[in-house]
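Colleague: next input, structure requested:
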Amino acid sequence: FYLFLIILCSENISKQQRFLHKTVHQNAQVTCDFPAHRETITKLNAYLLKGIGKVQLFEANWNNSTILIKTNSSGLSLDINIAKEEKHAVFHLRDLQVIHTDSYMCKIEVIDPPPYETESRSNLIYVKELPPLQEKLNYMNMPMAITLGFFVFYSLIITAAIYYYWLKSKKNRALQNDYFNMTPWQSNGPRKRPPQNGVPTRNYTAYRYWEP
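Modeller: A predicted model of the protein is given here:
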């Protein structure tokens, strides 16, 4: 009987303390579900513990709809979201580094309505370094990126407008050259008057000077 009780307790402990392995770069989420058989929960406490020694990093009290954060000694960018309809609490850890690789356990304490009950889940979070290029892009200043994008877009518009007007002027010059080539050439010099009717034609040979 005692052997059966020890085996049963060890199975319950291993099931409760099962580890979820996660590999992340900067941000991670630790989710803890409410007790499955509890239909209504109006008040609870949520904890985030770290390491084998279960050092408490974060504590929050939830009263039906209001979250009151009591402790945040982690030194991390950390907050919590408690979803009443989905019946779970989600801890959001941001800006993690390699030194933050560890086991994290979230714990839920149901205060009201009775009976008092707890639920926990452990997560082994392995934080990897970002590739150099991706890290550089993540730290890029967003206003600078927006300004640079606007400048590139404006430059493309100006270039397209200049190219359009250049093609248009080139086409106009080609049409003008074709027009001048097709127009007959006319001299602006004095023209010979046409002979008038009824006027005798003058014979200039009669006035020619004779030389022997």
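Colleague: what about the residue nearest to residue 68 when sequence neighbours are not counted, how many residues nearby?
Modeller: Sequence neighbours aside, residue 61 is the residue nearest to residue 68 in space, at 4.5 Å (criterion: C-beta to C-beta, 6 or more residues apart in numbering). All C-beta spots, glycine's among them, are computed from the backbone N, C-alpha and C. Other residues near residue 61 come to 15 when the count uses other C-beta atoms under 10 Å.
Colleague: can you map out the strands along the chain?
Modeller: Taking DSSP state E as the criterion, the chain contains strands spanning 19-24, 28-33, 43-50, 55-63, 66-72, 77-83, 88-94, 102-112, 117-127.
Colleague: for the residue nearest to residue 68, give me its contacts.
Modeller: In this structure, residue 61 makes contact with 43, 44, 45, 46, 67, 68, 70, judged by C-beta atoms under 8 Å, 6 or more residues apart in numbering.
Colleague: can I get those residues in CSV including neighbour count?
Modeller: Converted to CSV, these look like this (neighbours: other C-beta atoms under 10 Å):
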residue, neighbour count
43, 13
44, 23
45, 17
46, 21
67, 14
68, 10
70, 10
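Colleague: so, low pLDDT: which residues of this protein?
Modeller: Under the criterion pLDDT under 70, the flagged ranges of the chain are 1-22, 24, 74, 130-143, 174-212.
Colleague: top helix in it by residue count?
Modeller: The helix of greatest length in the chain, counted in residues with DSSP state H as the criterion, is given as helix 142-182.
Colleague: helices or strands up against that one?
Modeller: Contact analysis of helix 142-182 by 3 or more C-beta pairs under 8 Å, 6 or more residues apart in numbering; DSSP states H and E lists no helix or strand as a packing neighbour.
Colleague: okay, now residue 111: neighbour count?
Modeller: By the other C-beta under 10 Å criterion, the neighbourhood of residue 111 contains 15 residues.
Colleague: distance of residue 128 from residue 29?
Modeller: 16 Å (C-beta to C-beta, to the nearest Å).
Colleague: next one: residue 63 from residue 112, what distance?
Modeller: If you go by C-beta to C-beta, the gap between residue 63 and residue 112 works out to 9 Å.
Colleague: give me the common contacts of these two.
Modeller: Jointly contacting residue 63 and residue 112 under the rule C-beta under 8 Å, 6+ apart are 42, 43.
Colleague: ok, back up a step: out of the strands of the chain, which is closest to residue 146?
Modeller: Taking C-beta to C-beta, strand 88-94 is the member of these nearest to residue 146, at 22.8 Å.
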